[in-house]
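[1] One predicted model, sequence on top.
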Amino acid sequence: MSKTMELAQRLKNLRAGNLYRQDFYWTWDKTDDELEAVFTVADALRDLRQRNKSARIFDSGLGISIFRDNSTRTRFSFASACNLLGLGVQDLDEKKSQIAHGETVRETANMVSFMADVIGIRDDMFIGEGHKYQKAFMDAVDEGYRDGILEQRPTLVNLQCDVDHPTQCMADMLHIIHEFGGVENLRGKKIAMTWAYSPSYGKPLSVPQGVIGLMTRFGMDVVLAHPEGYDVMPEVEEVAKKNAAATGGHYRKVDTMEEAFQDADIVYPKSWAPFAAMEERTKLYQAGDRAGIDALEERLLRRNARFKSWTCSEEMMARTRNGKALYLHCLPADISGLSCPEGEVERSVFDRYLVPLYKQASYKPYIIAAMIFMAKVKDPVSALTALENAGERKRF
Amino acid sequence: MSKTMELAQRLKNLRAGNLYRQDFYWTWDKTDDELEAVFTVADALRDLRQRNKSARIFDSGLGISIFRDNSTRTRFSFASACNLLGLGVQDLDEKKSQIAHGETVRETANMVSFMADVIGIRDDMFIGEGHKYQKAFMDAVDEGYRDGILEQRPTLVNLQCDVDHPTQCMADMLHIIHEFGGVENLRGKKIAMTWAYSPSYGKPLSVPQGVIGLMTRFGMDVVLAHPEGYDVMPEVEEVAKKNAAATGGHYRKVDTMEEAFQDADIVYPKSWAPFAAMEERTKLYQAGDRAGIDALEERLLRRNARFKSWTCSEEMMARTRNGKALYLHCLPADISGLSCPEGEVERSVFDRYLVPLYKQASYKPYIIAAMIFMAKVKDPVSALTALENAGERKRF
Amino acid sequence: MSKTMELAQRLKNLRAGNLYRQDFYWTWDKTDDELEAVFTVADALRDLRQRNKSARIFDSGLGISIFRDNSTRTRFSFASACNLLGLGVQDLDEKKSQIAHGETVRETANMVSFMADVIGIRDDMFIGEGHKYQKAFMDAVDEGYRDGILEQRPTLVNLQCDVDHPTQCMADMLHIIHEFGGVENLRGKKIAMTWAYSPSYGKPLSVPQGVIGLMTRFGMDVVLAHPEGYDVMPEVEEVAKKNAAATGGHYRKVDTMEEAFQDADIVYPKSWAPFAAMEERTKLYQAGDRAGIDALEERLLRRNARFKSWTCSEEMMARTRNGKALYLHCLPADISGLSCPEGEVERSVFDRYLVPLYKQASYKPYIIAAMIFMAKVKDPVSALTALENAGERKRF
């Protein structure tokens, strides 16, 4: 039996029917079975591709992508996932559109969704705004569908908001699962999600939040560490605590990178901005207070600079389990001596983990495709079986 | 019998064979039967989509879009229409191309059309230029096809020029037809195409021109109203008069918005620039006279400001038939108190008509697809029948 | 028997199996049989298209294009070729990506190649850099495939580097072959690749290099002419000499355009930058020496201006065989009195050759498609036969 058919068997036992026609905002909206279904389908789609089986579930159709921040890997991951399933991609480039001319979110949402099957939105720049935008967009799409403006209701894949980054964290998690030989081997493993110094400021909080919100669901010992003042959203910490309690895992905060790294099996050192400062920044942008923004930036950079010792050095890595923790990063990383004088990670550490880092990233297109698959296909087990028995992707 | 098959029956009785392999510049180039065929196919394609039937008439192929002005809904409508029929889209972004390096229209036309099935052009900025550009482009494509440079001759869909905006006005018209329960119910209905105040200047004339050029063909009472000096192209007014005479309808001009709205069944209040001023602007741009352009802009904005009372207020709407005329706009609208202090329409009016406005816009991708369909398919009745009996768009 | 089937027969006798899964950097990496296979498949794909046969060899898949310089015809040629074969296109726009944030080539290469079948790169701006970038990119992709990051290894089509421009020169050559009624008629024909004056500076050397590197393989008398100091890369001249020796043709350099044009059967007058100056420019850019760049530009423009007599005038054309040599240009050309006061070619000459020039350009999408076809299809003869017997591209 092929791997895909084995995975289809596993899928049969999961109660994941509620993913059908639903949006994917945050992992904590979803049940364990639903997340496992996404992982399972992602693995199946990857296996199909590896064996040159077509995974087209659409004869035609569109994925709409809206990137309100620069992006390489997420943009290409989304485009690849859509193509894999048979969808074309149309990017809403806000600079080329008339949105600046006073179009509302509701109007835009309807105008770009006429024939959309999937909407992928990345809007991570402003705390309190990213998720709100996605929600407003999809509410408008709901109304448009109900009112007969749209023939079908597209579903959302959150490509990163101010709260969660589910396609990233699910890809990270699938990478961990494979590196450790299965989810059953993760119980008790220690993962350190830590802040790290970067010479830039204002990086989104969605990765650390997404990580503690997701990885506390697998019985792991999840440790968050950051300098004072770099807290993440308290709501997400609540999610992490609840998750840990429910799965027999742990969630805790420690004050130093050293403590977090001590005997860790997995480390995820990454810069992010202080939550409160990001709230302040949102307000300054809304007020158009350019001088205030500049002053805030300078203050934040100065504050960051006080924590340059928070870096994933060889010394730091030596503290981890046998000195060999799995190093994770969502990329691109600020690499000391390569992309900046002092950054999140020492060059020799980064270089040693290059292959696993790219492998980690390589799950993202399959995770996105699996999210779309589960939202669009009513009977995913039958669909995987049909794809297994159908034609080749490269026909000759 | 499905709606699509009913529509295919209706199509059988229409003499629309001349649409095959022809460009779509202006609605008044086309016969009544040809326009009805486009409406009919648009409805059929929408019905197919609603029932998850694939409408792919191409196994592969390209639609080329050239937007010489910003666009959201037309861009997405064109991309959606192409995707629906099985075409990929390639956008000619003049900033990324070498056109600035002295390429002629003839050269560009050939160079982007190697494998083009459809060319969609929006060029509405300059009076006397938009249509000329489209014509020059398609003449070059003709020559290229004749000379064996191109294996097939792509057909044009005019996505807006300085003269007509056929995809918009056909979508508007199909919306009207459905709102009134059929074209047979439109005889004698009064439609008011009126100028409205906007704090911006230089909006194209193609919508009012397209509206009076098209909507005078259905026995309606078409009224155009604008302040002195905001005339549209006299050639198009001639078309409107001829159409009205031929269909037993009326075309007339009145001097005030009040008179136009009085007992109207449909209103279309929208800003546009004075024709003569737009001619002047074209010359100033050609001469590169920046100071002249600025002076003209200031003069036009000052002139516009004298007509702030031309706004679609609740009072104005109250004059229409039972106070309930169908309100149309091509979007985005300048909404008083939302996108600008004073604009084309009062916010409460706009909000009340939001759903019909989006519905109106939602016909555009199907109109474009129908134009392509009729230009590309030799036997459209058979093709619709084949699509009815063929596979599903979303396969699982 | 159809032309495609005749071409498939010819393909049977060519030893071109080594093209399978290989990158296409330079024509001189490839054997004569391999180049002939590309020409043969290009003609077959064109014939299939002409007869409305689908040439899709992919059910889904992606071509990734990276243009590090502006482009119209190459961009559209690549997009057309991909579409013809069933691939979607995703363009890596470095401005929209996070590459500026310090991403390495290796990282980018992996991140955009997750589901890539083909990579098309244009990087011609800097001597010593273009090829190096493509090589680094593909080495990274190799590693990514080996390490299990990528499910398949995409293949490269060099869309122009600092050394060769194989898709252009192969298209030029196929044009010549057809104009002269077959490769067997080319023996002894004189082709003049000459420098020509342009009011711009810094044009790539890849076209003259590609031309002498390729066209010396067909027994022709290849003559290179340029003013002193405008030498091309000596390595490529070595290739040209070796090619000529092997095929009984000639490669030689002359000092004047007049001598080169004398009795020529084919002329290719085109501006390029002096090799040494381009090396200097690369260093200035690397050092960020803006003043140095400006000074160099001024110096080069002044030097160019000394050679305004190097222009493809009617007088110059009159020297060619019967005054009727085939005039080639890769477009866009600097046309005296049209795109610039004095340039590479006189307007009346350019106008007279408009149709063959466009025809020349029209081979490029088919050459690119043939390169992809040969790199992706294990048994190209069977594949062409299957396409011949399969469905139509425009289905109705």
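    Good, I have the coordinates.

[2] The residue in chain A positioned nearest to chain C and C:Trp26, how far apart?
    Across chain A, no residue is closer to chain C than A:Ser339, which sits at 2.9 Å (CB to the nearest CB). C-beta here means a position set from N, CA and C on the backbone, and glycine is covered the same way. As judged by CB to CB, to the nearest Å, A:Ser339 and C:Trp26 stand 32 Å apart.

[3] list the contacts for the residue most central in space within chain A?
    With distances taken as CA atoms, centre = their mean, the residue of chain A nearest its centroid is A:Gln168 (2.4 Å). Residues counted as contacts of A:Gln168 (CB atoms under 8 Å, 6 or more residues apart in numbering or on different chains) are A:Thr74, A:Gln160, A:Ser206, A:Val207, A:Gly210, A:Cys330, A:Lys364.

[4] switch the cut-off to 10 Å
    A:Gln168 sits next to A:73-74, A:77, A:159-160, A:206-207, A:210-211, A:214, A:330-331, A:360-361, A:363-364, A:367 when contact means CB atoms under 10 Å, 6 or more residues apart in numbering or on different chains.

[5] Find me the pLDDT at it, would you?
    If you check A:Gln168, the pLDDT there is 98.

[6] State the distance from it to chain B.
    With distances taken as CB to the nearest CB, to the nearest Å, A:Gln168 is found 27 Å from chain B.

[7] For that residue, what is the enclosing helix or strand?
    helix A:166-179 (DSSP states H and E).

[8] C-alpha coordinates for that helix, PDB please?
    Taking C-alpha atoms only, helix A:166-179 is exported to PDB below (Å, rounded to 0.1, in the frame of the first residue of the first chain):
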ATOM      1  CA  PRO A 166      -0.700  29.000  11.500                       C
ATOM      2  CA  THR A 167       0.800  27.900   8.200                       C
ATOM      3  CA  GLN A 168       4.300  28.600   9.600                       C
ATOM      4  CA  CYS A 169       3.700  26.900  12.900                       C
ATOM      5  CA  MET A 170       2.000  23.900  11.400                       C
ATOM      6  CA  ALA A 171       4.900  23.500   9.000                       C
ATOM      7  CA  ASP A 172       7.300  23.900  12.000                       C
ATOM      8  CA  MET A 173       5.300  21.300  13.900                       C
ATOM      9  CA  LEU A 174       5.200  18.800  11.000                       C
ATOM     10  CA  HIS A 175       9.000  19.200  10.700                       C
ATOM     11  CA  ILE A 176       9.400  18.400  14.400                       C
ATOM     12  CA  ILE A 177       7.100  15.400  14.100                       C
ATOM     13  CA  HIS A 178       9.200  14.000  11.200                       C
ATOM     14  CA  GLU A 179      12.500  14.800  12.900                       C
END
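
[9] Can you give the strand pairings for the very next helix or strand once past it, parallel or anti for each?
    Counting by DSSP H and E, the next helix or strand C-terminal to helix A:166-179 is strand A:190-195. Taking DSSP bridges as the criterion, strand A:190-195 forms sheet pairs with strand A:221-225 (parallel), strand A:266-270 (parallel).

[10] tell me, how many neighbours does A:Glu107 end up with?
    Per other CB atoms under 10 Å in any protein chain shown, the neighbour tally for A:Glu107 reads 22.

[11] worst-scoring helix or strand of chain A, pLDDT-wise?
    Of all helical and strand segments in chain A, the minimum by mean pLDDT, DSSP states H and E falls on helix A:275-287, at a mean of 87.

[12] in the next helix or strand along the chain from it, what's buried?
    Downstream of helix A:275-287, the first helix or strand assigned by DSSP H and E is helix A:290-305. Across helix A:290-305, burial judged by 16 or more other CB atoms under 10 Å in any protein chain shown covers A:Ile293, A:Leu296, A:Glu297, A:Leu300, A:Arg303, A:Asn304.

[13] Helix A:290-305 and chain C in contact?
    No: if you take CB under 10 Å from any CB of the partner chain as the test, helix A:290-305 misses chain C, and the best it gets is 16.0 Å.

[14] ok, then the element right after that helix?
    The helix or strand immediately downstream of helix A:290-305 is helix A:314-318, counting by DSSP H and E.

[15] Give the pairing partners of whichever helix or strand comes after that following helix; include direction for each.
    Counting by DSSP H and E, the next helix or strand C-terminal to helix A:314-318 is strand A:326-327. Strand A:326-327 has the following strand partners under DSSP bridges: strand A:266-270 (parallel).

[16] thinking in terms of the whole chain, how far from its middle is the partner strand?
    Put simply, strand A:266-270 sits 15 Å off its chain's centre (CA atoms, centre = their mean, to the nearest Å).

[17] Let's test this: mean pLDDT of that strand, rounded?
    For strand A:266-270, mean pLDDT rounds to 98.

[18] Just the C-alphas of the longest helix along chain A, formatted as CSV.
    Identified as the longest helix of chain A according to DSSP state H is helix A:32-50. Output of helix A:32-50 as CSV, limited to C-alpha atoms (Å, rounded to 0.1, in the frame of the first residue of the first chain):
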residue,chain,number,x,y,z
ASP,A,32,-6.7,17.9,17.7
ASP,A,33,-8.2,15.7,15.1
GLU,A,34,-8.6,18.6,12.7
LEU,A,35,-4.9,19.5,13.1
GLU,A,36,-3.9,15.9,12.7
ALA,A,37,-6.0,15.8,9.5
VAL,A,38,-4.1,18.7,8.1
PHE,A,39,-0.8,17.1,8.9
THR,A,40,-1.9,13.8,7.4
VAL,A,41,-3.2,15.4,4.2
ALA,A,42,0.0,17.5,3.9
ASP,A,43,2.1,14.3,4.1
ALA,A,44,-0.2,12.6,1.5
LEU,A,45,0.1,15.5,-0.9
ARG,A,46,3.8,15.5,-0.6
ASP,A,47,3.9,11.7,-1.2
LEU,A,48,1.7,12.1,-4.3
ARG,A,49,4.0,14.8,-5.7
GLN,A,50,7.0,12.7,-5.0
